[in-house]
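Participant: What would the 3D arrangement of this be:
(one chain, ligands or ions: 1)
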Amino acid sequence: MSLIKCEMLTKSYGSKLALDRVSIELKAGSPIALVGPNGAGKTTLFSLLCGYLLPSSGSVTIMGEKPGSTKLLGKVASLPQDATLDPNLNLITQFTLFGTLQGLTTKQAKAESLRVLSLVDLAHVVEQKPQSLSHGMSKRASIAQALIGSPQLVLLDEPTAGLDPANAKVIRELVRSLSSDITFVISSHNLDELEKLCDQVLYLDQGKLGQSVSIQENMTDEYLTVSMQECEDEPFVSALESLAGINSVTKKQENEYLIHYSAEEIPDIEVQFFTLLAHKAWKYRALLKGRTLEDKLFS
Ligand SMILES: Nc1ncnc2c1ncn2[C@@H]1O[C@H](COP(=O)(O)OP(=O)(O)OP(=O)(O)O)[C@@H](O)[C@H]1O
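Facilitator: Presented below is the predicted three-dimensional model:
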């Protein structure tokens, strides 16, 4: 059974069409990325998946059920973009309350609260109220809240927005470590992060679902993306293009090049590439199999 199924899903706010006939079927598994410019409809799609909003037309089901159905209680959770915790209750009290709302006894809910707060390294502040937490800690607490009860689907809207690199890494590692049991759908503007975490990327623009990119398939594409240290364009590009099997070398930005090759003609491209670098004493900074997500989506 599909995890999420949308058929011609449409949402308008008055005359504003926010989501326009989105049809998609997603299976449980690796994290799925949702990307798109501001106002593309990502939050609207999340809200429909959570049952916070009703469609204007079309349909959506999660594990075969309508969003918001009691059958999905504890199975679907979300971290809204602007999630806030109750400022008046300490973490353990409000988390225990959320647990009991999911049907756990008070004792079970307290144990579950401690479990999820430990997952995000907040076990030492469970008696504190949200105001005393830093922005990073609050975000981690909100993510912990979404994990109460071991849901099967977790929707994270901008989970690392505004976080410093160390806190963002904690969140990424948490998602990675839990993704064998939970399917995460992550909306973010951070393409580098999504590339590291997700297998499938959905692109939404002006309410319409555009292309869906598979990161795994991307790796088998006949492209290499290379970042060089200080490098002169012309000699670098012409030296590479003179190798048999290289179709083109395109400069994408300062010191970054996209190499398109034929795997049949040059099966050992990496060996030839590094031999050339050694011969010319050129230094590289990074080599990526395939194209960057940014390049796939926007060129
Ligand atoms: N409650 C509302 N009333 C009217 N228009 C709305 C409402 N919520 C969203 N919109 C409009 O619907 C469109 C989609 O908004 P949405 O918040 O879903 O986009 P988004 O992709 O999440 O954007 P961002 O990346 O900026 O968070 C936008 O044009 C927005 O202005």
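
Participant: list the buried ones in the helix or strand containing residue 236?
Facilitator: Secondary structure assignment for residue 236, by DSSP states H and E: helix 233-241. Buried residues in helix 233-241, defined by neighbour count with 16 or more other Cβ atoms under 10 Å: 236-237, 239-240. All C-beta atoms are positioned from the backbone trio N, CA, C, and that covers glycine.

Participant: Reformat those as TSV; add distance to residue 253 and pLDDT.
Facilitator: Formatted as TSV, the buried residues of helix 233-241 follow (distance: Cβ to Cβ, whole Å; pLDDT from 0 to 100):
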residue	distance to residue 253	pLDDT
236	14	94
237	14	94
239	20	93
240	17	94
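
Participant: What ranges does this protein have for its helices?
Facilitator: 42-50, 91-101, 106-119, 135-147, 165-178, 191-197, 215-220, 233-241, 269-280, 293-298 (DSSP state H).

Participant: can you tell which of these is closest to residue 257?
Facilitator: Nearest to residue 257, of all the helices of the chain, is helix 233-241, at 7.1 Å by Cβ to Cβ.

Participant: Of the helices of the chain, which is nearest the ligand?
Facilitator: Taking Cβ to the nearest ligand atom, helix 42-50 is the member of these nearest to the ligand, at 3.2 Å.

Participant: Summarise which helices and strands that closest one is packed against.
Facilitator: Here helix 42-50 touches strand 4-13, strand 16-26, strand 32-35, strand 57-62, strand 76-79, strand 153-157, strand 183-187, going by 3 or more Cβ pairs under 8 Å, 6 or more residues apart in numbering; DSSP states H and E.

Participant: between that helix and strand 183-187, how big is the angle?
Facilitator: Orientation of helix 42-50 against strand 183-187 (axes from the mean of the first three to the mean of the last three Cα atoms, to 10 degrees) gives an angle of 150 degrees.

Participant: could I have helix 42-50 exported to PDB, CA atoms only?
Facilitator: What follows is helix 42-50, C-alpha atoms only, in PDB (Å, rounded to 0.1, in the frame of the first residue of the first chain):
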ATOM      1  CA  LYS A  42       5.000  23.200   0.300                       C
ATOM      2  CA  THR A  43       3.400  24.200   3.600                       C
ATOM      3  CA  THR A  44       0.000  23.900   2.100                       C
ATOM      4  CA  LEU A  45       0.800  20.400   0.900                       C
ATOM      5  CA  PHE A  46       2.100  19.500   4.400                       C
ATOM      6  CA  SER A  47      -1.000  20.900   6.000                       C
ATOM      7  CA  LEU A  48      -3.300  18.900   3.700                       C
ATOM      8  CA  LEU A  49      -1.200  15.700   4.500                       C
ATOM      9  CA  CYS A  50      -1.700  16.400   8.300                       C
END
